[in-house]
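Participant: here are the coordinates; sequence isn't available:
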């Protein structure tokens, strides 16, 4: 079976202003690279419109209403010090969420085996009632709730390999026994959360904080703990919060990973996914701010999705 690649042109309308690291070129670099490669094992799809109630399972209604009213008629506006929105951000934000819905439906309906969503804005810093760190809605958290509420799953695993801790995802699922959240991240670093002591109400949060300067060997050794936790949990579906800012060339962090490390960690996860959840995996883009590193790393990640599906 093929791998789904879900994206939308509306990401181009989410203008964050000159000099902002979460810029339009990020997704353009990823998408243009996949167009150039033209792999016949990819199925390209666009996001769908979805009912607002899907957002309410993840975010506070007051927050959803606040966001909807915040998009400016012109120019730029700030939801927090880092999170900039423009008039076109509304469609991009909704399409980022709609992408993970399409990806999940596609896997569930055997349209494709697994999927990668190339979207912006990212999501994993967005809390129940707060925008943060370039993130407005928590895309991966909406996806997990969608799996629980629409497909009656009881065990979802979210693996977050972005170099920054996904405080928003942790916040949303801290007391939800159906969701295991696992994060590898630079620590101490932005956003300040993600210590080993943060375990969740049901021991369903598993943080693997790593120091600045962590290299490929050290990271992949630590990733074995991710796989062990997954094996013990035996999820029915796996979601990746796929940030590529742990790359050595990334300007926003201090890990030393190479592009091929993202192939390796994806491959190892998919081998386990075949056993525990019949390979049901959906990945969605989070960080990654060096364009060449992001292009190479997403290609490696998707290559693994294609090979091991």
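Facilitator: Looks like it came in fine. What you see is a predicted model, and the numbers here were worked out from it, not measured in a lab.
Participant: residues of stretch 178-196 that come out buried?
Facilitator: 178-187, 189-191, 193-194 (16 or more other Cβ atoms under 10 Å). Using the backbone N, CA and C atoms, a C-beta is placed for each residue, glycine as well.
Participant: just the residues you listed now: which is nearest residue 218?
Facilitator: Distance to residue 218, by Cβ to Cβ, is smallest for residue 184 among the buried residues of stretch 178-196, at 10.8 Å.
Participant: so where does the closest one fall, helix or strand?
Facilitator: Using DSSP states H and E, the element containing residue 184 is strand 179-186.
Participant: Show me the contact partners of the next helix or strand after that strand.
Facilitator: Sequence-wise, the next helix or strand downstream of strand 179-186 (DSSP H and E) is strand 205-210. Contact with strand 205-210 is made by 165, 170, 173-174, 180-188, 194-196, 198-199, 218-219, 222, 225-226, 229, 255, as judged by Cβ atoms under 8 Å, 6 or more residues apart in numbering.
Participant: The residue nearest to residue 263 when sequence neighbours are not counted - how many residues pack around it?
Facilitator: Excluding the flanking residues, the one nearest residue 263 by Cβ to Cβ, 6 or more residues apart in numbering is residue 300, at 3.8 Å. Residue 300 has 20 neighbouring residues, counting by other Cβ atoms under 10 Å.
Participant: isn't residue 300 right next to residue 267, touching?
Facilitator: No - using Cβ atoms under 8 Å as the test, residue 300 is too far from residue 267 to be in contact (9.5 Å).
Participant: what is in contact with the two at once?
Facilitator: With contacts defined as Cβ under 8 Å, 6+ apart, no residue is shared by residue 300 and residue 267.
Participant: Now do the same contact list for residue 293.
Facilitator: Contacts of residue 293 by Cβ under 8 Å, 6+ apart are 244, 247-250, 259.
Participant: Swap in 7 Å and give it another go.
Facilitator: 244, 247, 249-250, 259 (Cβ atoms under 7 Å, 6 or more residues apart in numbering).
Participant: okay, now the closest residue to residue 196 other than its chain neighbours: neighbour count?
Facilitator: Of all residues not flanking residue 196 in the chain, residue 207 sits nearest, at 5.6 Å (Cβ to Cβ, 6+ apart). Neighbour count of residue 207, defined by other Cβ under 10 Å: 22.
Participant: Likewise for residue 51?
Facilitator: Residue 51 has 8 neighbours, counted by other Cβ under 10 Å.
Participant: Can you list phi and psi of it for me?
Facilitator: Here is the backbone geometry of residue 51 (degrees, to the nearest 10): phi -70, psi 140.
Participant: and the residue positioned nearest the centre of the chain, what is it in contact with?
Facilitator: With distances taken as Cα atoms, centre = their mean, the chain has residue 241 as the residue nearest its mean C-alpha position (2.7 Å). Applying Cβ under 7 Å, 6+ apart, one finds that residue 241 lies in contact with 124, 140, 158, 160, 162, 166, 169, 284, 286.
Participant: what's around the last one, how many residues?
Facilitator: This means residue 286. Neighbour number of residue 286 under other Cβ under 10 Å is 30.
Participant: Quick check: closest non-adjacent residue to it.
Facilitator: With sequence-adjacent residues excluded and distances taken as Cβ to Cβ, 6+ apart, residue 286 is closest to residue 243, at 3.6 Å.
Participant: The one you found is in contact with residue 159, isn't it?
Facilitator: No - in this structure residue 243 lies outside contact range of residue 159 using Cβ atoms under 7 Å: 10.9 Å.
Participant: Residue 1 and residue 309 touch, don't they?
Facilitator: Yes - A contact is recorded between residue 1 and residue 309 when judged using Cβ under 7 Å, the distance being 5.9 Å.
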